[in-house]
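J.: all I have is the shape, not the residue letters:
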């Protein structure tokens, strides 16, 4: 069996618009390729590129040639980074960090410079407003090793980087099924205060939505309990903060909501509202998160987020069920 540690490459900082076919074409010009994968948003197979991918050559010599030829190549506004991929990708699963409170002027390179003192960075991403292109102050950093990520949390959580007016929050990003978290946030009162001040609850009106879906003339907090499918399993009566997610695709299921909201903090419940006849999503759902600040950051980051061909509308449910 060939040693794929010498043939498998990871390619970082790819342009958002670059397709898997274009990636294969670029690297295929230097040798025969066994496999090529552009990594996309896990929420959907048609999701946006995360800006990195893997190329596995048949011959080790071609992989080496690709590094020396293509590493540092400028594509559009990006300068790509080509290096050997580690043999076991499983060892980086728990080295992904979630960062909030970043200065809006801080770009991806500046964020990497801030975190690179703690170890080798595999990938990074800053969330931007889909309309304005301005940073939302939220990002993700994946380190080579978990121990490096732990050092970054210890070193940067609650600190104020250059240009910041408030301390930043740095913690491990939750996996979609992870239902515990938020402990790190409690270590830094100022980080909690930042989130509360800069991400106030957003309110929405369910009048039109419920009128179309169920014939409810006017929405009230009690009406939702009478709507079939909304009373049970939504987490409306459970401790936490209920978030309304609108404009989901018909094929969306609960896993979509877990994967969307999981990286932002502890999610206790998700519910996609389905048509009773077709069992397809009716276009909306609910997510319950235990921590207000994490819920607020999730809303600020995901409201206006493009999921496939749809732009999501995300906001707090009108009447909160949790008392601080």
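T.: Arrived safely. Predicted model, so just to flag it, every value in this text is computed and none were measured.
J.: any idea how far residue 157 lies from residue 76?
T.: When Cβ to Cβ, to the nearest Å is applied, the distance between residue 157 and residue 76 equals 34 Å. Where C-beta positions appear, they are placed from N, C-alpha and C, glycine not excepted.
J.: nope, residue 97 is what I meant
T.: Residue 97 sits 27 Å away from residue 76, taking Cβ to Cβ as the criterion.
J.: please apply the same query to residue 67.
T.: 21 Å.
J.: quick one, which of those two is more surrounded?
T.: Applying other Cβ atoms under 10 Å to residue 67 and residue 76 shows that residue 67 carries more neighbours, namely 17 against 10.
J.: show me where the stretch 201-324 of the chain has its helices.
T.: Per DSSP state H, counting those that start in this stretch, the stretch 201-324 of the chain carries helices over the ranges 207-214, 223-226, 254-261, 292-302.
J.: okay, now the unreliable bits of the stretch 1-150 of the chain?
T.: Under the criterion pLDDT under 70, the flagged ranges of the stretch 1-150 of the chain are 1-4, 41-47, 87-93, 130.
J.: how about 50 then?
T.: Per-residue confidence for the stretch 1-150 of the chain (pLDDT under 50) gives these ranges: 1, 44-45.
J.: show me where it has helices.
T.: Listed in chain order (using DSSP H, counting those that start in this stretch), the helices of the stretch 1-150 of the chain are 20-28, 60-70, 108-115, 146-156.
J.: below-threshold pLDDT in the stretch 151-300 of the chain: ranges please.
T.: Using pLDDT under 50, the flagged stretches of the stretch 151-300 of the chain are 175-237.
J.: let's see it at 80
T.: With pLDDT under 80 as the threshold, the stretch 151-300 of the chain has low-confidence stretches at 173-239, 259, 262-263, 265-268.
J.: got the phi and psi for residue 103?
T.: Here the main-chain torsion angles of residue 103 (degrees, to the nearest 10) amount to phi -60, psi 140.
J.: distance to residue 312 for the helices of the stretch 1-150 of the chain - can I get that in JSON lines?
T.: Rendered in JSON lines, the data for these read as follows (distance: least, Cβ to Cβ, whole Å):
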{"stretch": "helix 20-28", "distance to residue 312": "25"}
{"stretch": "helix 60-70", "distance to residue 312": "35"}
{"stretch": "helix 108-115", "distance to residue 312": "23"}
{"stretch": "helix 146-156", "distance to residue 312": "28"}
